[in-house]
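>>> make a model of this:
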Amino acid sequence: MARAPSFCGVILAAGESSRMGRDKALLPWHGGTFLSAAIASLQPHTDMVIVVAGRNAPKLEPLADTVGAFLVVNPHPEQGQFSSLRVGLQEVLNRGRDAAIVTLVDRPAAQIATVGLLRDRFLESAPAGIWALVPSFGGRNGHPLVVGREMITAFLNAPPTGHAREVEHQNQAHILYFPVDDPFVTMNVDTPEDYERVATG
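Numbers count the residues shown, from 1 in each chain. Down below sits the predicted model:
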């Protein structure tokens, strides 16, 4: 099927950051924050960027507004990351888009060039029945995830209590796992020690 000429970026940022002790979206990073870096990595390759917040929405909204991103609120962030993914993808469809580039706010942003490579590879692969593209580094899968309408629909039609991985496994034949030379696609930052390592590395 024909693909939309533009994508929405979606950043999942509704987590409580309990292990970190402060909101990971606002951790300092290269003169900005994890959130501003994630927005900057997606904007060159998307038509708009949507930030999915939770109870932290009042803290994130000013930053999103400053850089031209749109903020939506997950009313039930306690239901986990999959609920935020569904909120973000529904907003993609609400805004008339057919595809999304989805990333997490709890890690350093992927390189801008990496995001462009993933987007282009997804578009090249779509005629072969690829619904989603997942980057990998060092044998591990990561983000940002590129999804077309078919995969968006699969996520939205799944039980709200489900998990993204369950949906991915059910649609394995339509997912392309694509190696990239960017360690940030798989780098998790969960604790102050994790952050210290990447901030000083």
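>>> alpha carbons only for contacts and neighbour counts from here, please
Will do.
>>> what ranges does the protein have for its helices?
Here the chain has its helices, by DSSP state H, at 34-42, 57-66, 81-94, 112-125, 149-157, 164-170, 192-200.
>>> pLDDT (mean, whole number) over the fifth one?
The predicted model gives helix 149-157 an average pLDDT of 96.
>>> and that helix, what does it pack onto?
helix 81-94, helix 164-170 (3 or more CA pairs under 8 Å, 6 or more residues apart in numbering; DSSP states H and E).
>>> and the contacts of it?
R86, L89, Q90, D98, A99, W131, A132, A164, V167 (CA atoms under 8 Å, 6 or more residues apart in numbering).
>>> one more: the third one?
The contact list for helix 81-94, computed with CA under 8 Å, 6+ apart, reads 8, 10-12, 14-15, 50-53, 72-74, 76-77, 98-100, 152, 155-156, 160, 162-164.
>>> can you point out the buried residues in the helix or strand of the chain with the lowest mean pLDDT?
Using mean pLDDT, DSSP states H and E, the weakest-scoring helix or strand in the chain turns out to be helix 192-200, at a mean of 89. By 16 or more other CA atoms under 10 Å, the buried positions in helix 192-200 come out as Y195.
>>> what does that helix contact?
For helix 192-200, contacts defined as CA under 8 Å, 6+ apart pick out M20, G21, W29, N188, V189.
>>> one more: stretch 54-71?
13-15, 23, 25-26, 36, 39, 48-53, 73-77.
>>> let's see that with 7 Å instead.
A14, G15, M48, V49, I50, V51, V52, A53, V73, N74, P75, P77 (CA atoms under 7 Å, 6 or more residues apart in numbering).
>>> stretch 175-191 now?
By CA under 7 Å, 6+ apart, stretch 175-191 touches 19-20, 106-110, 130-137, 140-144, 195.
>>> what's the most buried one of the helices and strands packed on helix 149-157?
helix 81-94 (a mean of 21; mean count of other CA atoms under 10 Å).
>>> now render the helices and strands packed on helix 149-157 as JSON lines, adding distance to R121.
Supplementary listing: these in JSON lines, determined by distance: least, CA to CA, whole Å:
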{"stretch": "helix 81-94", "distance to R121": "20"}
{"stretch": "helix 164-170", "distance to R121": "18"}
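>>> ranking those by mean pLDDT, which is last?
Lowest mean pLDDT within those: helix 164-170, at a mean of 93.
>>> could you turn stretch 101-115 into PDB, dropping everything but the C-alphas?
Only the C-alpha atoms of stretch 101-115 are listed here, as PDB (Å, rounded to 0.1, in the frame of the first residue of the first chain):
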ATOM      1  CA  ILE A 101       8.500   6.800  14.600                       C
ATOM      2  CA  VAL A 102       8.200   5.900  18.300                       C
ATOM      3  CA  THR A 103      11.000   6.300  20.900                       C
ATOM      4  CA  LEU A 104      11.400   6.300  24.700                       C
ATOM      5  CA  VAL A 105      12.500   9.300  26.700                       C
ATOM      6  CA  ASP A 106      14.500   7.300  29.300                       C
ATOM      7  CA  ARG A 107      17.700   7.100  27.200                       C
ATOM      8  CA  PRO A 108      20.000   9.300  25.100                       C
ATOM      9  CA  ALA A 109      18.300  10.100  21.800                       C
ATOM     10  CA  ALA A 110      19.300   8.100  18.700                       C
ATOM     11  CA  GLN A 111      21.500  10.100  16.300                       C
ATOM     12  CA  ILE A 112      19.500  12.200  13.800                       C
ATOM     13  CA  ALA A 113      21.100  10.300  10.900                       C
ATOM     14  CA  THR A 114      20.100   7.000  12.500                       C
ATOM     15  CA  VAL A 115      16.400   8.100  12.600                       C
END
